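> requesting a structural model of the entry that follows:
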Amino acid sequence: MTISLKAEARDGLTKAEVKFLRREGKIPAVVYGKKVGSTSLLIDQKDLNQLLRSNRHAIVELDVPGSGTQPVMLSDVQRDKVTRELLHVDFHQINMDEPVRATVPLEFVGEAAGVKEGGMLQTILHELEVRCLPRDLPATLQIDVSELQLGESFLVSSIQLPAGLELKAEPDQPVVTVLAPQKAGTDEEIVDKESAGEPVAGAPTEADKVGETV
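Now for the predicted structure:
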């Protein structure tokens with residue numbers, strides 16, 4: 001997946017000017033790479049938000065002033081700790097003919113058989129690091145959980161990988177699991193215990209009944 005972004009030059013601006021431009025919807029950015037060196041930029045906030053919502057790990061065709069369009073990837077995002085507003089982003093230039101390491105979100109499809117029996121699906125990993133050529137980088141890795149039974153886990157080794165993709169994770173690492181439902185005593189069990197004179201957890205004692213109104 002490739003997304004296009006247009007950048008503006010940011011050379012020679014003071015901190016006050018950058019702060020003003022940020023309020024106007026222009027986010028400071030830097031791109032690093034062999035062809036671009038270290039170049040300070042401004043990028044439209046709406047375009048950045050769209051990138052972050054769709055796929056922050058996508059290949060970006062960034063139009064860099066003075067260097068033309070360069071393939072880059074987002075490497076860092078800084079936000080305000082309180083408001084969570086965008087403050088600054090970093091990009092690194094990539095070579096489309098050289099493998100890259102990137103993080104790919106996991107997409108879970110289907111309803112686990114164990115969930116239909118009352119179990120609960122617990123997601124352990126939400127994304128995985130991969131290594132591949134930029135053109136082979138998928139938007140997501142799809143995992144079908146429909147065959148998972150109660151107590152079973154889906155492991156990294158079970159993921160069906162597209163051609164050219166290498167996972168940077170331990171094969172026996174669980175990705176998602178189906179937890180068995182918690183057993184609770186039924187009403188019939190409580191009645192049986194009470195009739196036999198056995199204490200029942202949660203049932204009122206004689207001391208608890210003192211002061212009750214009828």
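
> which residues sit against stretch 6-23?
Residues outside stretch 6-23 that contact it (Cβ atoms under 8 Å, 6 or more residues apart in numbering) are 26, 28-29, 31, 40-44, 47, 62-66, 87. Any C-beta I mention is one placed from the backbone N, CA and C, and that applies to glycine too.

> which two in those residues are spaced the farthest apart?
Spatial extent of the contacts of stretch 6-23 (Cβ to Cβ) is set by the pair Gly66 and Leu87 at 24.5 Å.

> the two: who's more crowded?
Between Gly66 and Leu87, counted using other Cβ atoms under 10 Å, the more crowded position is Leu87 (14 against 8).

> show me the domain layout of the chain.
Per automatic domain parsing, the structural domains of the chain span 2-94, 101-179.

> end-to-end on the shortest one?
Spelled out, that is domain 101-179. 32 Å (Cα to Cα, to the nearest Å).

> stretch 74-84 too?
18 Å.

> any chance of the domains of the chain in JSON lines, plus mean pLDDT?
Shown next, in JSON lines, are these (pLDDT from 0 to 100):
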{"stretch": "domain 2-94", "mean pLDDT": "91"}
{"stretch": "domain 101-179", "mean pLDDT": "93"}
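
> just the helices from the protein, written as ranges.
For the chain, applying DSSP state H gives helices covering 15-23, 45-55, 113-116, 187-195, 206-209.

> name the residues that touch the second one?
Which is helix 45-55. 1, 3, 5-6, 25-27, 58, 60, 74, 77, 86, 89, 105, 139.

> quick one: Leu86 and Leu74 touch, right?
No: with contacts counted by Cβ atoms under 8 Å, Leu86 stays clear of Leu74, the gap being 11.7 Å.

> more neighbours: which of these two?
Leu74 (23 against 20).

> surely that one meets Val60?
Yes: using Cβ under 8 Å, Leu74 is in contact with Val60, at 6.8 Å.

> hang on, the earlier thing: which of the contacts of stretch 6-23 sits closest to Val145?
Among those, and counting by Cβ to Cβ, the member closest to Val145 is Asp47, at 34.5 Å.

> Glu170 versus the closest one, what's the distance?
37 Å (Cβ to Cβ, to the nearest Å).

> ok, Ala58 next?
For Ala58 relative to Glu170 (Cβ to Cβ), the value is 26 Å.

> filter the contacts of helix 45-55 down to the buried ones, ChimeraX style.
To isolate the buried ones among the contacts of helix 45-55 in ChimeraX, judged by 16 or more other Cβ atoms under 10 Å, type:
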select :3,5,26,27,58,60,74,86,89
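
> ok, the contacts of helix 45-55 vs Val156, which is closest?
Comparing these against Val156 with Cβ to Cβ places Pro105 closest, at 14.8 Å.

> just checking: what are the partner strands of the lengthiest strand in the chain?
Counting by DSSP state E, the longest strand found in the chain is strand 68-79. Note on strand 68-79: by DSSP bridges, its sheet partners are strand 59-64 (antiparallel), strand 86-93 (antiparallel).

> now do it and helix 45-55, the angle between them.
80 degrees (axes from the mean of the first three to the mean of the last three Cα atoms, to 10 degrees).
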